[in-house]
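**Student:** Quick check, what structure comes out for this input:
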Amino acid sequence: MEDDEGDGTMKDFDYYIFIDYSENLIGYAIIEDEKLKELLPNLTRFKHYRSSGDRMSYLRHIKKTIERDDIKSFFLKLKIKEMRKNMEIHLDVLEFLKTHENCIIFISVDNSQYSAFRKMVNIVDGKDIMIKQESELKEGTPEYQVSLVLDNLLNIERLRK
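**Tutor:** Below you'll find the predicted structure:
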């Protein structure tokens, strides 16, 4: 697989998978390429929770945006669980990879779980799968923008509890 832009990301993946953690929560989101392109115009106001000045105000605003624009409907799969159920999340993703083995897939994984997750993906082959650490995503790229959706959903759920 070649890097189209010279920036380490490939273009025209069939699916994009994002796996992220927030304290005691883990979540994943899977989106098809076409839906990702449709979703991008709705994500201009999204940023990382930690970088927002008034975090509570930002999360209230972004929660309304998610509901108003029905952001969750763009995703093929979206799930958030308590960290103790992380195996369920990983198995869901591995099952998806196995049933879509003829697809080119991009996966972004939280830095702390990258090496362990990479080993699991190698079990299901992973030849058409590009895995990147979340910190490798370049700000402003489609992958980065969509990763912010899961990041914000995790923080909304974490603060709700």
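
**Student:** hey, which helix or strand in this protein has the poorest pLDDT?
**Tutor:** helix 114-123 (a mean of 85; mean pLDDT, DSSP states H and E).

**Student:** Okay, and the beta partners of the spatially most central residue of the chain?
**Tutor:** Of all residues in the chain, the one closest to the mean position by C-alpha atoms, centre = their mean is Phe18, 2.2 Å from it. Note on Phe18: beta-bridge partners Ala29, Ser108, judged by DSSP bridges.

**Student:** so who does Gly27 touch?
**Tutor:** If you count contacts by C-beta atoms under 8 Å, 6 or more residues apart in numbering, Gly27 has them with 19-21, 78-81, 89, 150, 153-154, 157. Just so you know, the C-beta spots here come from the backbone N, C-alpha and C atoms, and that holds for glycine as well.

**Student:** Now with 6 Å, please.
**Tutor:** 20, 80, 150, 154 (C-beta atoms under 6 Å, 6 or more residues apart in numbering).

**Student:** Which single one of these is nearest to Ile71?
**Tutor:** Closest approach between the contacts of Gly27 and Ile71, by C-beta to C-beta: Leu150, at 10.5 Å.

**Student:** that older thread, so how far is the least confident helix or strand of the chain off the chain centroid?
**Tutor:** For helix 114-123, the separation from the chain centroid amounts to 16 Å (computed by C-alpha atoms, centre = their mean, to the nearest Å).

**Student:** Quick check: buried residues in that helix?
**Tutor:** Neighbour-count burial for helix 114-123, counted by 16 or more other C-beta atoms under 10 Å, picks out 114, 117, 121.

**Student:** In this structure the first one contacts Gln133, no?
**Tutor:** In other words, Tyr114. Yes - between Tyr114 and Gln133 there is a contact under C-beta atoms under 6 Å: 4.6 Å.

**Student:** Keeping just the C-alphas, turn the helix ranked longest in the chain into CSV.
**Tutor:** In the chain, with assignment by DSSP state H, the single longest helix is helix 142-160. Provided in CSV are the C-alpha atoms of helix 142-160 (Å, rounded to 0.1, in the frame of the first residue of the first chain):
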residue,chain,number,x,y,z
PRO,A,142,-10.2,13.7,7.6
GLU,A,143,-9.0,11.0,9.9
TYR,A,144,-8.1,13.5,12.6
GLN,A,145,-11.5,15.2,12.3
VAL,A,146,-13.5,12.0,12.6
SER,A,147,-11.4,10.8,15.5
LEU,A,148,-12.6,13.9,17.4
VAL,A,149,-16.2,12.6,17.2
LEU,A,150,-15.3,9.5,19.3
ASP,A,151,-13.0,11.5,21.6
ASN,A,152,-15.9,13.9,22.4
LEU,A,153,-18.5,11.1,22.7
LEU,A,154,-16.2,9.4,25.3
ASN,A,155,-15.9,12.6,27.3
ILE,A,156,-19.6,13.3,27.2
GLU,A,157,-20.3,9.8,28.4
ARG,A,158,-17.6,9.9,31.1
LEU,A,159,-18.9,13.2,32.5
ARG,A,160,-22.5,12.0,32.3
